[in-house]
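**Student:** missing the sequence, but the structure's below:
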């Protein structure tokens, strides 16, 4: 499926049109179907919010082409190639899952087109030839913050259960780093596939270790499976997780079993609960307004703000790149990539962004808060 989301600045006027260099084309891959749709659809709505917030770059129109990857890394790869080779896009944004985002990043590097990933990427940090960044908070940072909260809550012995893919690997590695820092003790590493419908065996092994906390390395709907099984077994310890759990389907499917879960997440999830001096509050509220304008509804998920922030990074970088090169050319692609890595103290709805060559990530602890699910509502825990 492909869709022209918007051609910006159509009514920019004759004088603007006469000075225009060329339209900027942005390729957007997300999961509008498949088991990642509960993340991918909010991503699509978040990009619409970005367009509603600011639709053009220095008077230049932007054409956005959206493709559905069906939560399939192979389809994500094909879509990325199609966007670059057939639609001649200048930049890529995507997608809903870590495996698919990693696949697109590899295509971006090969075809020399910059990318803004909205899921974590699992690629070697030592590779110097990077053509993109990840907008999200890295799993290592999220894990460190939630391990600090476990320690504060007096939880020491932690059982881990997560997806048997790159997202699960990133989550587990983050907890290993927390263990190496002396914050927790890991008791187990249980995995399950995103398509599994039961985790009974894994939960029985976890409970036998007598953990006082369980860490979930999963997301959205499928992330509710372990808490549901733990509730059946009468588990009374703490349950913790990372930002992909802040999702309406996780709350809906998990029901009573997920009440009390604590998660490290971007500040937009509890924007109105933040103190006025929090660095993200102002832009987080602007995101909320833009989201409602674009989609006709309120947003409380943690995913739409990621594509909104990716759009802000694109706008800022493209405005600078336009001073040296024309869209649709290899020179513009290279300039846009370079300007992304020069991003400094850019205030987004989720974080303050600082990128540099050689690193996929550009956020710090200002990008995270801890929230607790109470009566179906995520509550800020300072």
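**Tutor:** Great, that's in hand. Because the structure is predicted, anything quoted here is derived from the model rather than measured. Numbering: from 1, shown residues only.

**Student:** please look at residue 258 and residue 252 and confirm they touch.
**Tutor:** No. Between residue 258 and residue 252 there is no contact under Cβ atoms under 8 Å: 9.5 Å. Glycine gets a C-beta too; all of them are placed from N, C-alpha and C.

**Student:** looking at these two, which is more packed in?
**Tutor:** Ranked by neighbour count (other Cβ atoms under 10 Å), residue 258 and residue 252 place residue 258 first, with 24 against 13.

**Student:** the residue nearest to the more buried one when sequence neighbours are not counted is in what secondary structure piece?
**Tutor:** Distance criterion Cβ to Cβ, 6 or more residues apart in numbering; nearest residue to residue 258, sequence neighbours excluded, is residue 227 at 4.8 Å. Element membership for residue 227, per DSSP states H and E: helix 225-232.

**Student:** give me the below-cutoff pLDDT ranges for this protein.
**Tutor:** 1-21 (pLDDT under 70).

**Student:** show me the helices in it, by range?
**Tutor:** 14-19, 37-53, 73-85, 98-111, 139-152, 166-180, 200-208, 225-232, 248-254, 281-295, 304-321, 330-341 (DSSP state H).

**Student:** deepest in the core, which of the ones you listed is it.
**Tutor:** Greatest average neighbour count among the helices of the chain goes to helix 304-321 (a mean of 26), per mean count of other Cβ atoms under 10 Å.

**Student:** what's near enough to touch the closest residue to residue 331 other than its chain neighbours?
**Tutor:** Computed as Cβ to Cβ, 6+ apart, the closest residue to residue 331 that is not its neighbour in sequence is residue 325, at 4.0 Å. By Cβ atoms under 8 Å, 6 or more residues apart in numbering, the contact set of residue 325 is 331, 332, 334, 335.

**Student:** you'd agree the second one is up against residue 89?
**Tutor:** No. With contact defined as Cβ under 8 Å, residue 332 does not count as touching residue 89 (11.2 Å).

**Student:** list the contacts of the nearest residue to residue 176 once chain neighbours are set aside.
**Tutor:** Excluding the flanking residues, the one nearest residue 176 by Cβ to Cβ, 6+ apart is residue 186, at 6.7 Å. Contacts of residue 186 were listed using Cβ under 8 Å, 6+ apart, and they are 158, 159, 160, 175, 176, 179.

**Student:** what's the closest of those to residue 195?
**Tutor:** Of all the contacts of residue 186, residue 195 sits closest to residue 160, with 20.0 Å by Cβ to Cβ.

**Student:** how far does stretch 72-86 sit from its chain's centre?
**Tutor:** For stretch 72-86, the separation from the chain centroid amounts to 19 Å (computed by Cα atoms, centre = their mean, to the nearest Å).

**Student:** who touches that stretch?
**Tutor:** Outside of stretch 72-86, the residues within contact range by Cβ under 8 Å, 6+ apart are 27, 29, 34, 65, 67-69, 89, 92, 94-95, 97, 99-104, 106-108, 111, 113.

**Student:** now with 6 Å?
**Tutor:** Contacts with stretch 72-86, where a contact means Cβ atoms under 6 Å, 6 or more residues apart in numbering, come from 27, 29, 67, 69, 89, 92, 95, 99-100, 103-104, 107, 111, 113.

**Student:** out of the helices of the chain, the one nearest residue 59 is which?
**Tutor:** Closest approach to residue 59 among those is made by helix 14-19 (5.0 Å; Cβ to Cβ).

**Student:** hang on, the earlier thing: I'd like the contacts of stretch 72-86 written out as JSON lines, with distance to residue 206 added.
**Tutor:** Below are these laid out as JSON lines (distance: Cβ to Cβ, whole Å):
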{"residue": "27", "distance to residue 206": "41"}
{"residue": "29", "distance to residue 206": "35"}
{"residue": "67", "distance to residue 206": "38"}
{"residue": "69", "distance to residue 206": "32"}
{"residue": "89", "distance to residue 206": "44"}
{"residue": "92", "distance to residue 206": "38"}
{"residue": "95", "distance to residue 206": "31"}
{"residue": "99", "distance to residue 206": "24"}
{"residue": "100", "distance to residue 206": "28"}
{"residue": "103", "distance to residue 206": "31"}
{"residue": "104", "distance to residue 206": "33"}
{"residue": "107", "distance to residue 206": "37"}
{"residue": "111", "distance to residue 206": "43"}
{"residue": "113", "distance to residue 206": "43"}
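
**Student:** and the two most separated of those residues?
**Tutor:** Farthest-apart pair in the contacts of stretch 72-86 is 89 and 99; separation 21.6 Å (Cβ to Cβ).

**Student:** name the nearest of the contacts of stretch 72-86 relative to residue 362.
**Tutor:** Nearest to residue 362 out of these is residue 92 (Cβ to Cβ; 17.3 Å).

**Student:** need the nearest residue in space to the closest one, chain neighbours excluded.
**Tutor:** Leaving aside its sequence neighbours, residue 92 sits nearest to residue 115 (Cβ to Cβ, 6+ apart; 4.3 Å).

**Student:** how about the one you found, what does it touch?
**Tutor:** 92, 105, 108, 132.

**Student:** how close does it get to residue 26?
**Tutor:** Separation of residue 115 from residue 26 (Cβ to Cβ, to the nearest Å): 11 Å.

**Student:** can you check residue 309 too?
**Tutor:** Distance check for residue 309 against residue 26: by Cβ to Cβ, it reads 14 Å.
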